[in-house]
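In: Sequence first, predicted model second:
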Amino acid sequence: MRNPLVRTMATLCTGVCFCMSARGQAIPEGGKPILQDPLLTYAKERSGKKGSTRVVEADGPGFTKALEVESKVRGNNWEYIVVWRLAAPLKKGDVILLHYWARTVYTADESGQSVIKTAIEVPNLWRLPAKEKTFLAPLTKGVLTSAGKEWKQYFVRAQAPGDLPAKGISVALRCGEERQRVQFGGIGITNYGTTRKLDDLPITHYSYAGRELNAPWRKEAKARIRQHRTREIQIVVQDKAGKPVGNARVELELTRHAFQFGAAFRTADVLEEYNPNYQQQRQQILENFSSASFVNALKWHPWVGDWGGPFKRENTLAALRWVQEQKLPFRGHCLVWPRKSSVSKAVRTMLEAEKPDPAAIQLAILEHIRSIGPATSFWMDEWDVLNESIPCHDVQDLCGDEVMVEWFREARRVLPGVKLALNEYSILSSLTDGRKVPQHEERIRFLLDHEAPVDVLGMQSHMGGSPPSPLRVLRLLDRFARFGLPIRATEFDVKATDPALVHDFTRDFYTVMFSHPSVIGVQMWGIGQMYDKEGKLKPVGKAHRELVLGEWHTKEQGKTDPQGTFARQGFLGTYRLKVTINGVSTEKTVQLPNGEGAHTLTIAL
């Protein structure tokens, strides 16, 4: 069964205890080896339908034998796993170091690098309560093994949060994301007890291709941004007689991007009744974003009162009216999430009945669309009609895939002026195509072939500890742009623990998305991505503001020429224009829309 924790945690690999590597970073002395020797564990070759392991000769840095692991599948990382256990228990506070070398013999991935997520694991960790997962977090650390043809050294440091038996802890190489053959040498875990501090041990931070500031893709992206996101604006100032006014002072500043740099937030955070700092939250939204959405309030459960507490329909509508007052474009999330746990309690009961009635279930879903659609249509630009339909298919299994087409058609009927989106995860965040990417392509084709009115492709962007390279994201955008539909990055967050990585990836992801002509927006998943509880900027927020309010912000001033013209290149969007003649100023709100050639605005004073 899939372990969902692997998606959200930084993953981990292995290496043997030696005091100094022949080439590479020294391994601190003073510890004891506690990992069962994988060369003995897998001394006898093992081969199956999905993969194989064997011990091979190797000319490695300090070792002559290596464990060669081959994945024969391209799918989920858990489809082929190589596991071995610790040889000794851990005591509370023990500081351990996982160390190893890896190189790729073969990979079907176009990057030329391995894609192996490795983890220190506790059996059935995904079943444990959140409190226990949090307790074990200092131990379950790791890194993505993304080695090329040459040997590369990896370190992962961790600490035992309590006394733990050896049989309850294992190291796993999760290889099933790609067809690949990778060698591991010098594999071991060293336990230093409490003789060393965790921060004193070496660590390998994950990175990604194209992170370098001089990476070639940046120049190309910058050119696309200028082509697709900017335009010349010409302000022509005339007097009442229509004659040009030279030497008039012009001030022009972008106040809201046309591109939707959006945020999903909790409704309670912007309501005075639930948040004493609601004004600060509102101001943060208005200062940083050009579109909005709610994290949970428009899901089926809260809409019908299943959750209780602040999740009341009147609160949702009050928050939506505030968004309307700010004239922020808004997208709803989500009409149908077709799994048992994400429909209303009443419909779940119908799904779990001894003899479920498919017609009654489908009618209940259509009635929900008919209820929530018109009730929120006073301020709605886009709706996620269908959410995560590939992994979540309890309804389709009972009612058939054709019901998905009906959901879109009913949404179009009750929401004629609203764009309808298909929302899916693990597309833009994927390191390889696996099964999910082609499955999503098939789902889109199915809906379009059956004339479902899909207007937007929403691609969830929950990034784990090992986010993809900018070039992979760009290739995926090109691939899905072939459907001829606009693309939106929804639910963007980064779960990596390295602050520098979080900042840099946010910068690069934003840059790729802003540069691609098919993309209409990036939606951040929660204001908590930007600010901590004290209101200080976090790495995501820092990168966001550096770009959206810095590099991609237009603020110009100057004077008109003798022909009364003031011309500048600006980013598309809404502007505040101020023209001053002889000490008398006039202010206007103007638009710089997309289009060919310069956009001319005549200001008659």
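Out: Arrived safely, thanks for sending.
In: For the longest helix belonging to the chain, C-alpha coordinates in PDB please.
Out: In the chain, assigned by DSSP state H, the helix with the most residues is helix 358-376. This file holds the C-alpha atoms of helix 358-376, laid out as PDB (Å, rounded to 0.1, in the frame of the first residue of the first chain):
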ATOM      1  CA  PRO A 358     -25.900   4.800  -8.700                       C
ATOM      2  CA  ALA A 359     -28.700   7.000 -10.000                       C
ATOM      3  CA  ALA A 360     -29.500   8.400  -6.600                       C
ATOM      4  CA  ILE A 361     -25.800   9.100  -5.900                       C
ATOM      5  CA  GLN A 362     -25.400  10.900  -9.200                       C
ATOM      6  CA  LEU A 363     -28.600  12.900  -8.600                       C
ATOM      7  CA  ALA A 364     -27.200  14.000  -5.200                       C
ATOM      8  CA  ILE A 365     -24.000  15.200  -6.800                       C
ATOM      9  CA  LEU A 366     -25.900  17.200  -9.500                       C
ATOM     10  CA  GLU A 367     -28.100  18.700  -6.800                       C
ATOM     11  CA  HIS A 368     -25.000  19.800  -4.900                       C
ATOM     12  CA  ILE A 369     -23.800  21.600  -8.100                       C
ATOM     13  CA  ARG A 370     -27.200  23.200  -8.500                       C
ATOM     14  CA  SER A 371     -27.100  24.400  -4.900                       C
ATOM     15  CA  ILE A 372     -23.600  25.800  -4.500                       C
ATOM     16  CA  GLY A 373     -23.100  27.100  -8.100                       C
ATOM     17  CA  PRO A 374     -25.900  29.800  -8.100                       C
ATOM     18  CA  ALA A 375     -25.300  30.700  -4.500                       C
ATOM     19  CA  THR A 376     -21.700  31.700  -5.200                       C
END
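In: Give the buried residues for that helix.
Out: 361-362, 364-366, 368-369, 372-373, 376 (16 or more other CB atoms under 10 Å). Heads up, the C-betas are built off the backbone N, CA and C, glycines and all.
In: ok, which pair from those is furthest apart?
Out: Across the buried residues of helix 358-376, the longest distance by CB to CB is 23.0 Å; it joins 361 and 376.
In: shaky segments in the chain?
Out: 1-23, 110 (pLDDT under 70).
In: Where does the residue lying closest to residue 311 once chain neighbours are set aside fall, secondary structure wise?
Out: Closest residue to residue 311 apart from its sequence neighbours, by CB to CB, 6 or more residues apart in numbering: residue 302 at 3.5 Å. Assigned by DSSP states H and E, residue 302 falls within helix 300-303.
In: What is the distance between that helix and the centre of its chain?
Out: 24 Å (CA atoms, centre = their mean, to the nearest Å).
In: Tell me where the stretch 351-500 of the chain has helices.
Out: Counting by DSSP state H, counting those that start in this stretch, the stretch 351-500 of the chain has helices at residues 358-376, 394-399, 402-414, 436-449, 470-481, 499-515.
In: Name the residues of stretch 83-103 that are buried.
Out: 84-86, 88-90, 94-103.
In: Need the max-distance pair from the residues you listed.
Out: 89 and 103 (32.2 Å).
In: Residue 372 contacts residue 301, doesn't it?
Out: No: using CB atoms under 8 Å as the test, residue 372 is too far from residue 301 to be in contact (11.9 Å).
In: Alpha carbons only: can I get stretch 78-93 in CSV?
Out: The C-alpha trace of stretch 78-93 is given here as CSV (Å, rounded to 0.1, in the frame of the first residue of the first chain):
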residue,chain,number,x,y,z
TRP,A,78,6.7,2.1,-3.8
GLU,A,79,6.3,-0.3,-6.6
TYR,A,80,9.9,-1.5,-6.2
ILE,A,81,11.6,-1.1,-2.8
VAL,A,82,14.9,-2.4,-1.5
VAL,A,83,14.9,-2.6,2.3
TRP,A,84,17.2,-3.6,5.2
ARG,A,85,17.0,-3.1,8.9
LEU,A,86,19.2,-1.7,11.6
ALA,A,87,21.5,-4.1,13.5
ALA,A,88,21.2,-2.3,16.8
PRO,A,89,18.5,-0.4,18.6
LEU,A,90,18.5,3.4,19.1
LYS,A,91,18.3,5.3,22.4
LYS,A,92,16.7,8.6,22.9
GLY,A,93,19.0,11.4,21.7
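In: oh, and call the first residue 483 from now on, that's how I've got it
Out: Sounds good: first residue 483 from here, last item stretch 560-575.
In: Any idea how many residues pack against the closest residue to residue 620 other than its chain neighbours?
Out: Spatial nearest neighbour of residue 620, chain neighbours left out: residue 641 (4.7 Å); criterion: CB to CB, 6+ apart. Neighbour count for residue 641, taken as other CB atoms under 10 Å: 18.
In: Equivalent analysis for residue 539, please.
Out: Around residue 539 there are 8 residues (other CB under 10 Å).
In: part of a strand, is it?
Out: Yes: applying DSSP: H, G, I helix; E, B strand; the rest coil, one finds residue 539 inside a strand.
In: about what we covered before: make sure the residue nearest to residue 620 is actually in contact with residue 576.
Out: Yes: using CB under 8 Å, residue 641 is in contact with residue 576, at 6.8 Å.
In: Dig out what the closest residue in space to residue 1034 that isn't next to it in sequence forms beta bridges with.
Out: Leaving out its chain neighbours, the residue that sits closest to residue 1034 by CB to CB, 6+ apart is residue 1053, at 5.7 Å. Counting by DSSP bridges, residue 1053 is bridged to residue 712.
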